[in-house]
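In: Give the three-dimensional model of this entry:
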Amino acid sequence: MIKKTNHAVKAVIYSDDKFLLQLRDQKQGIFYPGVWGLFGGSVDDGEKPIDALKRELFEEIGLEIKDAKLLFSWNHDKYNSILHFFLVPLTVELEKLCLNEGQRMDLFSIEQINMLQITPSLKKNIHKIDQKLLYQTK
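Out: Below is the predicted model:
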């Protein structure tokens, strides 16, 4: 029997040279509780990744986006899933966002992120994200 591949989206929300991260809830049953990661979530059956991204960002922080640019997709073999990383410029002040999921959110530089306890998917891809961000925003 072939196991179904799950899809998820990750928002690389940036402002200048910093990234918006979420301190994940400290709850049992969620992936990587209590660590910092990107906003995002699962793609529902029949949903396009871009639509999942829009839905998740609105649900989690009240951010409405018109579009986002796919940076890359990454296979998370441990969970048989494909994560789609999208580049999203932060177009509003941080104070205008409403944190509905997670303990905290904040903007961090790459150097600061490397000192945090972060999700494995972010740890594996942070340098790729940084390089693509530099390329995409110039």
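
In: what are the phi and psi values for S81?
Out: In terms of degrees, to the nearest 10, the main-chain angles of S81 are phi -140, psi 160.

In: What is the neighbour count of it?
Out: 17 (other Cβ atoms under 10 Å). C-beta here means a position set from N, CA and C on the backbone, and glycine is covered the same way.

In: how far away is it from H7?
Out: Between S81 and H7 the computed distance is 7 Å (Cβ to Cβ, to the nearest Å).

In: Same check on G34?
Out: 25 Å.

In: what about the two, which has more around it?
Out: H7 (18 against 12).

In: Relative to the whole chain's centre, how far out is the lowest-mean-pLDDT helix or strand in the chain?
Out: Lowest mean confidence among the helices and strands of the chain (mean pLDDT, DSSP states H and E): helix 120-136, at a mean of 80. Offset of helix 120-136 from its chain centre (Cα atoms, centre = their mean, to the nearest Å): 11 Å.

In: do the same with stretch 74-90
Out: 8 Å.

In: What ranges does this protein have for its strands?
Out: 6-15, 18-23, 36-37, 39-42, 69-76, 81-89, 104-108 (DSSP state E).

In: Can you give the contact residues for the first one?
Out: Pointing back at strand 6-15 there. 19-20, 38-43, 49, 52-53, 56-57, 63, 68, 71, 76, 79-90, 94, 107, 121-122, 129, 133, 137 (Cβ atoms under 8 Å, 6 or more residues apart in numbering).

In: Would you write a PyMOL line that selects the buried entries of those residues?
Out: To isolate the buried members of the contacts of strand 6-15 in PyMOL, using 16 or more other Cβ atoms under 10 Å:
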select buried, resi 19+20+38+39+40+41+43+49+52+53+56+57+63+68+71+76+81+82+83+84+85+86+87+88+90+107+121+122+129+133
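
In: remind me which residues of the protein are low pLDDT?
Out: 1-3, 132-138 (pLDDT under 70).

In: let's see it at 50
Out: Low-confidence segments of the chain (pLDDT under 50): 137-138.
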